[in-house]
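1. here is my input; please provide its structure:
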Amino acid sequence: MEPIILVTGSTDWIGKATARALVRQGARVILHGRSRSKAREVQRELQELSDGEKPDILIADFSNPDEVRSMVDELVSTFPRLDVLINNAGTYQETRILTDNGVEMTFAVNYLAPFLLSNLLIPLLRESAPSRIVTVASSAHEDVTGIDWENLPGMPRYDPWEAYCLSKFADLAFTYMLADKLEGSGVTANCLHPGVVDTRILRTAFPGMAGIATEEGARTSVYLALSPEAAGVSGNYFENMRPVESTALTHDKAVQKRLWKIAEDLTGL
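-> Model (predicted):
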């Protein structure tokens, strides 16, 4: 039975490369993006790799929690199960932009959206167990040595790199706490650093810096989604398909709980 896998942010860059690799390995991929036209382009490309079977498409703007909820409703009503959720969608904002809810955009898209999406999909993932949640984090979390709690969620004191690093730090802290909550459920939760990949984010944050190909950057996500070796493994941070240590601060239970509570309040979970 082919695994059903949702890859968020799969209309370009790492997400698209991840979807392509999963289709090649026989998975039924659900594409997600903000633009239906871009999603249809990728759908046509991947259809050629899968004996004519069209990947499904879900559209949602991850800066809006209502759109995340609507996407979940559509997914749950359409699919009998979900074997893997890959939280890949991400953004990097050079200037401070607020969502309609007054949340800084990077924090909203990179952390709050996967937090909400993962939690809303847990019932379906439990029914589909064994199943997996894979979240694309980053070694950028290492630059977070402390959290200015008073600066959240609107980040009036804004630095684009600091905002990005914090969002990826939050993804790690969330994964660790989620793995604890899911223990014994048959649902695993892991996160990863994809490497320094040639993406829009790298080109925006560090113009001129060389990055690895997106296909290379997708390898660890694909490994955590499908490999037998990763089955049952939970609460880990991976790089190059191997578990590695994240910073001590990501393991701080008080920090994890505070970030979790902020996300609950801001998403209305």
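2. is it true that residue 192 touches residue 133?
-> No. In this structure, residue 192 is not within contact of residue 133 by C-beta atoms under 8 Å, at 11.6 Å. Heads up, the C-betas are built off the backbone N, CA and C, glycines and all.
3. list the residues that contact both of those two?
-> Between them, residue 192 and residue 133 share no contacting residue under C-beta atoms under 8 Å, 6 or more residues apart in numbering.
4. let me see the ranges of the helices in the stretch 101-250 of the chain.
-> With helices called from DSSP state H, counting those that start in this stretch, the stretch 101-250 of the chain shows them at 105-107, 113-127, 160-182, 200-205, 214-217, 219-226.
5. lowest average pLDDT across these?
-> Of all the helices of the stretch 101-250 of the chain, the minimum mean pLDDT falls on helix 200-205 (a mean of 74).
6. quick check: closest non-adjacent residue to the residue minimising distance to the centre of the chain.
-> Central residue of the chain (C-alpha atoms, centre = their mean): residue 87, 2.0 Å from the mean position. Take residue 87 and drop its neighbours on the chain: the residue closest to it by C-beta to C-beta, 6 or more residues apart in numbering is residue 114, 3.7 Å away.
7. what's the answer for residue 219, then?
-> Nearest one to residue 219, counting by C-beta to C-beta, 6+ apart, is residue 241 at 6.5 Å.
8. state the pLDDT value of that neighbour.
-> Per-residue pLDDT puts residue 241 at 97.
9. pull the number of nearby residues for the nearest residue to residue 92 once chain neighbours are set aside.
-> Of all residues beyond its chain neighbours, the one nearest residue 92 is residue 201 (4.3 Å), with distances taken as C-beta to C-beta, 6+ apart. Using other C-beta atoms under 10 Å, residue 201 has 19 other residues around it.
10. re earlier: dump the residue contacts of the residue nearest to the centre of the chain.
-> Contact analysis of residue 87 by C-beta under 8 Å, 6+ apart lists 8, 114, 117, 118, 133, 134, 135, 136, 171.
11. looking at those, which is nearest residue 66?
-> Nearest to residue 66, judged by C-beta to C-beta, of these is residue 117 at 12.6 Å.
12. residues contacting the closest one?
-> Neighbour list for residue 117: 8, 68, 71, 72, 85, 87 [criterion: C-beta under 8 Å, 6+ apart].
13. would CSV of the residues you listed with secondary structure and distance to residue 43 be doable?
-> Listed next are the contacts of residue 117 as CSV, based on DSSP: H, G, I helix; E, B strand; the rest coil; distance: C-beta to C-beta, whole Å:
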residue, secondary structure, distance to residue 43
8, coil, 15
68, helix, 21
71, helix, 16
72, helix, 20
85, strand, 19
87, strand, 20
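14. the residue nearest to residue 219 and residue 218, how far apart?
-> Residue 241 is 11 Å from residue 218, where distance means C-beta to C-beta, to the nearest Å.
15. which of those two has more neighbours?
-> Neighbours around residue 241 and residue 218, counted as other C-beta under 10 Å, are more numerous at residue 218. The numbers are 28 against 15.
16. identify the bridge partners of the residue nearest to the centre of the chain.
-> Beta bridges link residue 87 to residue 135 when assigned by DSSP bridges.
17. begin at 56 from here
-> Taking 56 as the first residue, the last one we looked at is residue 142.
18. let's see the pLDDT reported for it.
-> For residue 142, the model assigns a pLDDT of 98.
19. any idea how far it is from residue 76?
-> Residue 142 sits 17 Å away from residue 76, going by C-beta to C-beta.
20. could you do residue 245 as well?
-> Per C-beta to C-beta, residue 245 is found 17 Å from residue 76.
21. mind giving me the packing neighbours of the strand or helix carrying residue 76?
-> Using DSSP states H and E, residue 76 sits in helix 68-79. Here helix 68-79 touches strand 59-62, strand 83-88, helix 91-102, helix 269-272, helix 274-281, going by 3 or more C-beta pairs under 8 Å, 6 or more residues apart in numbering; DSSP states H and E.
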